[in-house]
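Peer 1: Coordinates for the following, if possible.
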Amino acid sequence: MTDTNSVSALPSAMTEDIVASSRDGILTIDPHGNLTSFNPGAEAIFGLKAEDVVGLTVAEVFLPLEDLDAFTDCVLEAVRQPDKEHVATISLKRAHGVLHLSVRAVLLHRKGSEERIGVLVMLADESERVELLTRTAERERERAATGRFIVAVLTIFSVFTLLLEPIQKLAQAQVYDLGPVIALLTLVVIAFFLDRWASPGARTLVLNLRPERRYVIESIVWSLGFCGLMTVGKFLLIAFQVYPTEIQPRLFSFLVLDDGTRVHSTGLYLAALAIYLISVLFQQFAIRCAIQAPLQSFLTGVVRQAGWIANLVSTLLFAVLHAHLNPIVSLAVIAPSILWGWLFMRSGSVVTPIVSHAIIGVYAIFILGIFAGLDQV
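Peer 2: Predicted coordinates for the structure are as follows:
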């Protein structure tokens, strides 16, 4: 024969088991604000033991804890106004990350009557859902930023290509060589578009102007080594008479323009040097910060060697901006540009490629005269 008492007690025992095994936090509070129950889920969330808190008031238990102002206010408001449902969201910092919880406090009645016996507070862990929504939103922001990046690059380089022929005609007519100016403005506009269009969370312009000293020293050493290679290379070209015989180049070409014309005014030469150094700042900012850094950010986790791919792509774009010059010049900038991109990858700062670009560029153009006599425009 079935024990009537055990049957009638079964629902209560099952309820206690469900509450005890629930991952959600469940606690009850009497009308005076004292905790009357504190399940294992609540213990795990708050890092407290039931035997230590049951019987204490809400204020005694939760007010000393950090980041629980919203939770404490919700519970206290539920105790003061039990006829209303109270809802809140809280975030708790834990060693393994941030815990996102939704809190719901409702009036608790005695079964079969309208007698109020307290407040039931339920805490549901929404961390996985919040993390999923955050990842989804981040992916959408990255997709939007990637699309804007592609549109900006294609648009500006298309405009540059369309203007290339009139630029060359002006230069050939000895009116003015607008090529470098247009190329520089192109890079600046790309940087502006990317910074303006990208959402705040997707901006990747790297303007770290304080790299570690070892990276600056490293950029100087590599630049000097590159200058040495260029010197050896030009010496071999002269020795094997690769240059046309009518040019008769020297190993070092001070005060000589790219078309082979010797400059007699030191002031004009220094002015050209100053303009070049200023252009280096804009070129490296645009190529490294506005193109290489965003590309690396977009490609990370999508392809292997994202940094090197971004470096190579930005280098090719940098070479394209020299297309209005002699093709040899466009090809010659590839090797140093890869070096500058590598220095940028290592240091995470635009300073190191600027330093290297200044050293290599000044030596190659204004001292070694590596392009002198190529009749470039």
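Peer 1: so where do the strands sit in the stretch 151-300 of the chain?
Peer 2: Shown for the stretch 151-300 of the chain, no strands are assigned by DSSP state E, counting those that start in this stretch.
Peer 1: where does it have low pLDDT?
Peer 2: Residues of the stretch 151-300 of the chain meeting the criterion pLDDT under 70: 152-153, 156-157, 160, 163-207, 242-249, 255-262.
Peer 1: what sits up against stretch 267-277?
Peer 2: Around stretch 267-277, the neighbours that count as contacts under CB atoms under 8 Å, 6 or more residues apart in numbering are 255, 263, 358, 361, 362, 365, 366. Backbone N, C-alpha and C define where each C-beta goes, glycine included.
Peer 1: TSV for those, including neighbour count, secondary structure and distance to residue 77?
Peer 2: Formatted as TSV, the contacts of stretch 267-277 follow (neighbours: other CB atoms under 10 Å; DSSP: H, G, I helix; E, B strand; the rest coil; distance: CB to CB, whole Å):
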residue	neighbour count	secondary structure	distance to residue 77
255	15	coil	82
263	13	coil	81
358	17	helix	64
361	19	helix	67
362	16	helix	70
365	19	helix	73
366	18	helix	74
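Peer 1: tell me the two of the residues you listed that are most distant?
Peer 2: Among the contacts of stretch 267-277, the pair separated by the greatest distance (CB to CB) is 263 and 358, at 20.2 Å.
Peer 1: Kindly present the contacts of stretch 267-277 as JSON lines, with separate columns for distance to residue 61.
Peer 2: Putting the contacts of stretch 267-277 into JSON lines (distance: CB to CB, whole Å) gives the following:
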{"residue": "255", "distance to residue 61": "82"}
{"residue": "263", "distance to residue 61": "82"}
{"residue": "358", "distance to residue 61": "63"}
{"residue": "361", "distance to residue 61": "67"}
{"residue": "362", "distance to residue 61": "69"}
{"residue": "365", "distance to residue 61": "73"}
{"residue": "366", "distance to residue 61": "74"}
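Peer 1: of these, the lowest pLDDT goes to which?
Peer 2: Least confident by pLDDT among the contacts of stretch 267-277: that is residue 255, with 64.
Peer 1: the helices in the stretch 201-350 of the chain, which residues?
Peer 2: 213-239, 266-284, 293-299, 306-320, 327-332, 334-347 (DSSP state H, counting those that start in this stretch).
Peer 1: residues contacting residue 212?
Peer 2: residue 347.
Peer 1: ok now the longest strand anywhere in the chain, how far from the chain's centre?
Peer 2: For the chain, the longest strand by residue count, based on DSSP state E, is strand 97-109. Relative to its chain's centre, strand 97-109 lies at 35 Å (CA atoms, centre = their mean, to the nearest Å).
Peer 1: got the domain boundaries for the chain?
Peer 2: Following automatic domain parsing, the chain resolves into domains at 4-125, 141-367.
Peer 1: got CSV for these, with distance to residue 132 too?
Peer 2: Putting those into CSV (distance: least, CB to CB, whole Å) gives the following:
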stretch, distance to residue 132
domain 4-125, 11
domain 141-367, 15
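Peer 1: ranking the ones you listed by burial, who's on top?
Peer 2: Across these, averaging neighbours per residue (mean count of other CB atoms under 10 Å) puts domain 141-367 on top, at a mean of 17.
Peer 1: quick one: pLDDT of residue 47?
Peer 2: Per-residue confidence for residue 47 comes out at a pLDDT of 84.
Peer 1: Could you do residue 356 as well?
Peer 2: On the pLDDT scale, residue 356 gets 96.
Peer 1: Ok, residue 139 next?
Peer 2: 76.
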